[in-house]
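Visitor: Sharing a sequence plus its predicted fold:
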There are 2 protein chains.
Amino acid sequence: MDMVDIIHRVGIAASAGEVYSALTTNEGLAKWWTTDTSGAGSVGSIIKFRFGGGGPDFEVVELQTNSIVLWRHSGEMPGPWMGTEISFHLTRGENQTYVLFSHSNWKEPSEFMGHCSTKWAVFLLSLKEAMETGEGKPYPDDIHIDHDE
Amino acid sequence: MDMVDIIHRVGIAASAGEVYSALTTNEGLAKWWTTDTSGAGSVGSIIKFRFGGGGPDFEVVELQTNSIVLWRHSGEMPGPWMGTEISFHLTRGENQTYVLFSHSNWKEPSEFMGHCSTKWAVFLLSLKEAMETGEGKPYPDDIHIDHDE
């Protein structure tokens, strides 16, 4: 099987600046991924995302205002995320800001990767909802995609 | 960039038989992907999925009862789907049936592929909802992920 990256795209009725803020500040990230987010800041910052205790850390490795956000996984949790990167590319459409998302450099496809791919879609729709209605669905109010969560 | 396949996984509180039926019959498929579905049947069938006029055709290439469903894209619409395959692998968990989905053999990653990946997540959650509550969100009642639809 081919090397597999996760990619997604949503279109959000908000300015690129508003979306960029939701990807680069603790309070913005807390509105759509997990309410327990800390450490967001400039390049070199380590953002800590927590989900009822544990959760991943990501280092901010590139920021282009209102355009590009790139994180590299830091630490050891979850194991299959070691070595992976997450990117957000923002572009303006006529009446929306497109967010092209990738979670790349997975070593191999797996059931867990399939789970993460679906879950990322749920969280990107949470980002869209947060921007458009003022209220997203971050953890612990996230939409469940199976009966393990 | 690496070759990119789309994969997703959901867990559904229904038997493998119920999920398999929703993947292999016109009335089952109409409950979660598009209400305008025809042609579903045994291996060699061409299933026509229509979305307000146009839409893709898929040939059924493998069926293993309550376990595997494999389709190969047929025809020329949409262009980037030519040569692609869709698979559903069903496995039983303690209190759910896992559906591991793939849409593979894309020639290259693209914005359109990102769109399709997110949209597949939405439709798989529609499948889950249809099985668990009796009512999914197939086209034309599908959840929109941007402001082009």
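Guide: In hand now; what should we look at? Residues are numbered from 1 along each chain as shown, chains lettered A, B, ... in the order given.

Visitor: Can you point out the buried residues in the top helix by length along chain A?
Guide: Identified as the longest helix of chain A according to DSSP state H is helix A:111-133. Of all the residues in helix A:111-133, those buried under the rule 16 or more other C-beta atoms under 10 Å in any protein chain shown are A:113-131. (Each C-beta comes from the backbone N, C-alpha and C, glycine too.)

Visitor: Residue numbers of chain A in contact with chain B?
Guide: For chain A, the residues in contact with chain B (C-beta under 8 Å from any C-beta of the partner chain) are A:1-13, A:93, A:95-96, A:98, A:100-102, A:104, A:109, A:111, A:113-115, A:117-118, A:121-122, A:124-125, A:128, A:143, A:145-148.

Visitor: try it again with 7 Å
Guide: By the criterion of C-beta under 7 Å from any C-beta of the partner chain, the positions of chain A lying close to chain B are A:2-5, A:7-11, A:13, A:95-96, A:100, A:109, A:111, A:113-115, A:117-118, A:121-122, A:124-125, A:145-148.

Visitor: Centre of the chain to the longest helix of chain A, how far?
Guide: Helix A:111-133 sits 8 Å away from the centroid of its parent chain (C-alpha atoms, centre = their mean, to the nearest Å).

Visitor: Let me see the mean pLDDT of that helix.
Guide: Helix A:111-133 comes out with an average pLDDT of 98.

Visitor: cool, stretch A:57-64 as well?
Guide: Computed over stretch A:57-64, the mean pLDDT rounds to 98.

Visitor: residues contacting A:Gly55?
Guide: With contacts defined as C-beta atoms under 7 Å, 6 or more residues apart in numbering or on different chains, the neighbours of A:Gly55 are A:Thr34, A:Phe49.

Visitor: Would you mind measuring from it to B:Ile143?
Guide: As for A:Gly55, its distance to B:Ile143 is 27 Å (criterion: C-beta to C-beta, to the nearest Å).

Visitor: Could you tell me the end-to-end distance of stretch A:97-115?
Guide: Stretch A:97-115 has its terminal residues 26 Å apart, counting by C-alpha to C-alpha, to the nearest Å.

Visitor: Looking at strand pairing, list the partners for A:Trp71.
Guide: Each beta-bridge partner of A:Trp71 is listed here: A:Val60, A:Ile86, as defined by DSSP bridges.

Visitor: can you count the residues close to it?
Guide: Look at A:Trp71: counted by other C-beta atoms under 10 Å in any protein chain shown, it has 23 neighbours.

Visitor: dump the residue contacts of it.
Guide: With contact taken as C-beta under 7 Å, 6+ apart, A:Trp71 is in contact with A:Phe58, A:Glu59, A:Val60, A:Val61, A:Glu85, A:Ile86.

Visitor: let's go with 8 Å and repeat that
Guide: Contact partners of A:Trp71, counting by C-beta atoms under 8 Å, 6 or more residues apart in numbering or on different chains, are A:Ile47, A:Phe58, A:Glu59, A:Val60, A:Val61, A:Glu85, A:Ile86, A:Ser87.

Visitor: now A:Cys116
Guide: Here A:Cys116 is in contact with A:Ile6, A:His103 (C-beta under 8 Å, 6+ apart).

Visitor: ok, now A:Ala121?
Guide: Listed by C-beta under 8 Å, 6+ apart, the contact partners of A:Ala121 are A:His8, B:His8, B:Ser117, B:Thr118, B:Ala121, B:Val122.

Visitor: Tabulate these (a markdown table), appending distance to A:Val19.
Guide: Putting those into a markdown table (distance: C-beta to C-beta, whole Å) gives the following:
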| residue | distance to A:Val19 |
| --- | --- |
| A:His8 | 14 |
| B:His8 | 24 |
| B:Ser117 | 19 |
| B:Thr118 | 15 |
| B:Ala121 | 20 |
| B:Val122 | 20 |
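
Visitor: Output the below-cut-off pLDDT ranges for chain A.
Guide: Residues of chain A that meet the criterion pLDDT under 70 lie in A:1-4.

Visitor: repeat that with 50
Guide: Screening chain A residue by residue with the criterion pLDDT under 50, one finds the ranges A:1-2.
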